[in-house]
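**Q** Predicted model follows, preceded by the sequence.
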Amino acid sequence: MDGWTPKKGGWIEMICGSMFSGKTEELIRRLRRAQIARQSVEIFKPMLDDRYSNDHLVSHSEVRIPSRTVKNAAEILENSSEAQVIGIDEVQFLGPEVFEVVQELARRGKRVICAGLDQDYLGNPFEPVPQLLAVAEYITKTLAICVVCGGPANRTQRVSGGRERIVVGAKGLYEARCRNCYEPPTEEEPLGTAPGLAREKA
Ligand code: ZN
């Protein structure tokens, strides 16, 4: 970007997994620890995700921390020059540009902690998370509990809401499923069934 090379190195931490696996909660936990140590922290989330609060990260379990909502990855770079620690939630919604932004922040000596989905609802890698995983120093895979069998779940099953890759929502639209209980949607069975129907079929 500007070619500046820092003397001290930063690093990248990835927290990824399916929905309901506690990614945001883990991100908030790490950012709180940094704040308690009086490190300067900036926290970002994409504009797209306004399920709960516009100026806070809020986990499904209602843990919250103040955050800045950004329209694109470049805004993260613009607003983090003072920060030692940078948190980014729902990183998969920030597009391919976020990869270079995160790398640049780490080059500038910052600790960058990203949380996001590693797979989309079809079970495919959710770019740019695979690229970030490749360059991250630390990776945490969070697992949910499969609503069908109770086993460890790493998939997000969409039970209604259509076929767009991004359909923001939580309860009722998605369920955590394990590899065995996950059912890829088929052309013959359009999504849009009531929550619970897909589960009973399994
Ligand atoms: Zn299962």
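**A** Perfect, thanks for sending it.
**Q** Only C-alpha atoms from now on, for both contacts and neighbour counts.
**A** Noted.
**Q** Enumerate every residue touching S80.
**A** S80 makes contact with E42, I86, according to Cα atoms under 8 Å, 6 or more residues apart in numbering.
**Q** Model confidence for it, exactly?
**A** At S80, the model reports a pLDDT of 94.
**Q** what's the distance between it and I65?
**A** For S80, the distance to I65 equals 17 Å [Cα to Cα, to the nearest Å].
**Q** ok, for the residue nearest to the spatial centre of the chain, nearest residue in space, not its chain neighbours?
**A** Central residue of the chain (Cα atoms, centre = their mean): G116, 1.5 Å from the mean position. Nearest residue to G116, sequence neighbours excluded (Cα to Cα, 6 or more residues apart in numbering): E90, at 4.5 Å.
**Q** Would you agree that neighbour is in contact with I43?
**A** No. Contact criterion Cα atoms under 8 Å: E90 and I43 do not qualify, at 11.4 Å.
**Q** Please say which of the two ends up with more neighbours.
**A** I43 (27 against 20; other Cα atoms under 10 Å).
**Q** Only C-alpha atoms, please: export stretch 23-34 in CSV.
**A** Extracted as CSV, the C-alpha positions of stretch 23-34 are listed here (Å, rounded to 0.1, in the frame of the first residue of the first chain):
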residue,chain,number,x,y,z
LYS,A,23,-17.2,-16.7,17.0
THR,A,24,-18.3,-13.2,18.1
GLU,A,25,-18.3,-14.1,21.7
GLU,A,26,-14.7,-15.3,21.4
LEU,A,27,-13.7,-12.2,19.5
ILE,A,28,-15.3,-10.0,22.2
ARG,A,29,-13.5,-12.0,24.9
ARG,A,30,-10.1,-11.4,23.3
LEU,A,31,-10.8,-7.7,22.7
ARG,A,32,-11.9,-7.2,26.3
ARG,A,33,-8.6,-8.7,27.5
ALA,A,34,-6.7,-6.2,25.4
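**Q** tell me which residues of it are tucked away?
**A** Buried residues in stretch 23-34, counting neighbours by 16 or more other Cα atoms under 10 Å, are found at K23, T24, E25, E26, L27, I28, L31, A34.
**Q** P96: what's it in contact with?
**A** When contacts are counted by Cα under 8 Å, 6+ apart, P96 touches E127, P128.
**Q** How much space separates it from Q103?
**A** Relative to Q103, and taking Cα to Cα, P96 is found at 12 Å.
**Q** Report pLDDT for the spatially closest residue to H60 that is not a sequence neighbour.
**A** Once flanking residues are discounted, H60 sits nearest to F20: 7.3 Å by Cα to Cα, 6+ apart. F20 is assigned 94 on the pLDDT scale.
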